[in-house]
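Enquirer: my questions are about this predicted structure, shown below with the sequence.
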Amino acid sequence: MKKLLMALILALPAISGWSLKGSNPNPLLTFTNSPSGGMFSSFNAHREGHATICLMWKMSTDAGVASYQIEKSYDGEFFDPVAGQVNNHGPIYTWKDSNVFPGYIYYRVAANMANGDVIYSDVQVVHIVQH
């Protein structure tokens, strides 16, 4: 019974068309980031409690990275820097945002390279509901 239930849970997103994580609530928006070239091996954003979002990313390599900048958007199109530069001390990084408002919040990480280039992570979306 457990195996059947687990198979149903895993198949449900494909059947229903919704996603358990990282879905884009606005299908008219497409995220066009600079390719990371495999530098970002993972990037996750999730809610902690009612009004805090935790970001965690892992780098496959830190070679040439001078610092990281956290960027946030409420529309998925225009991103603003929200954190001072996160110094390079990886390969796993975390940052928490406790200044959030209800709605969909989009996050990305900008890797500021020593040569002046900027490489962006994928975009992650978190939904905060009003209490």
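Expert: It's in. As the structure is a prediction and not an experimental result, all values here were calculated from the model.
Enquirer: next SSE downstream of the helix or strand bottoming out on mean pLDDT in the chain?
Expert: The weakest-scoring helix or strand in the chain, judged by mean pLDDT, DSSP states H and E, is helix 2-16 (a mean of 43). Using DSSP states H and E, the helix or strand that follows helix 2-16 in sequence is strand 40-48.
Enquirer: strands paired with that following strand, and their directions?
Expert: Here strand 40-48 has these sheet partners by DSSP bridges: strand 52-59 (antiparallel).
Enquirer: tell me how far Thr61 lies from Ala111.
Expert: The gap separating Thr61 from Ala111 is 10 Å, by Cβ to Cβ, to the nearest Å. Where you see a C-beta, it was placed from the backbone N, CA and C, and this is true even at glycine.
Enquirer: more neighbours, the two?
Expert: Ala111 (24 against 12; other Cβ atoms under 10 Å).
Enquirer: ok, for that one, nearest residue in space, not its chain neighbours?
Expert: Nearest non-adjacent residue to Ala111, counting by Cβ to Cβ, 6 or more residues apart in numbering: Ile119, 4.4 Å away.
Enquirer: looking at this, Val125 is in a strand?
Expert: Yes: Val125: assigned to a strand according to DSSP: H, G, I helix; E, B strand; the rest coil.
Enquirer: what's the neighbour count on it?
Expert: Neighbour tally, Val125, other Cβ under 10 Å: 20.
Enquirer: that one contacts His46, doesn't it?
Expert: No: applying Cβ atoms under 8 Å as the test, Val125 and His46 come out as separate, 10.7 Å apart.
Enquirer: who's in contact with Trp95?
Expert: Listed by Cβ atoms under 8 Å, 6 or more residues apart in numbering, the contact set of Trp95 reads Cys54, Leu55, Ile70, Ala83, Val86.
Enquirer: can you tell me which of those residues are buried?
Expert: The neighbour-count criterion (16 or more other Cβ atoms under 10 Å) marks Cys54, Leu55, Ile70, Val86 among those as buried.
Enquirer: kindly reformat those residues as CSV and extend each row with pLDDT.
Expert: Compiled in CSV, the buried ones among the contacts of Trp95 are given as follows (pLDDT from 0 to 100):
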residue, pLDDT
Cys54, 92
Leu55, 93
Ile70, 94
Val86, 73
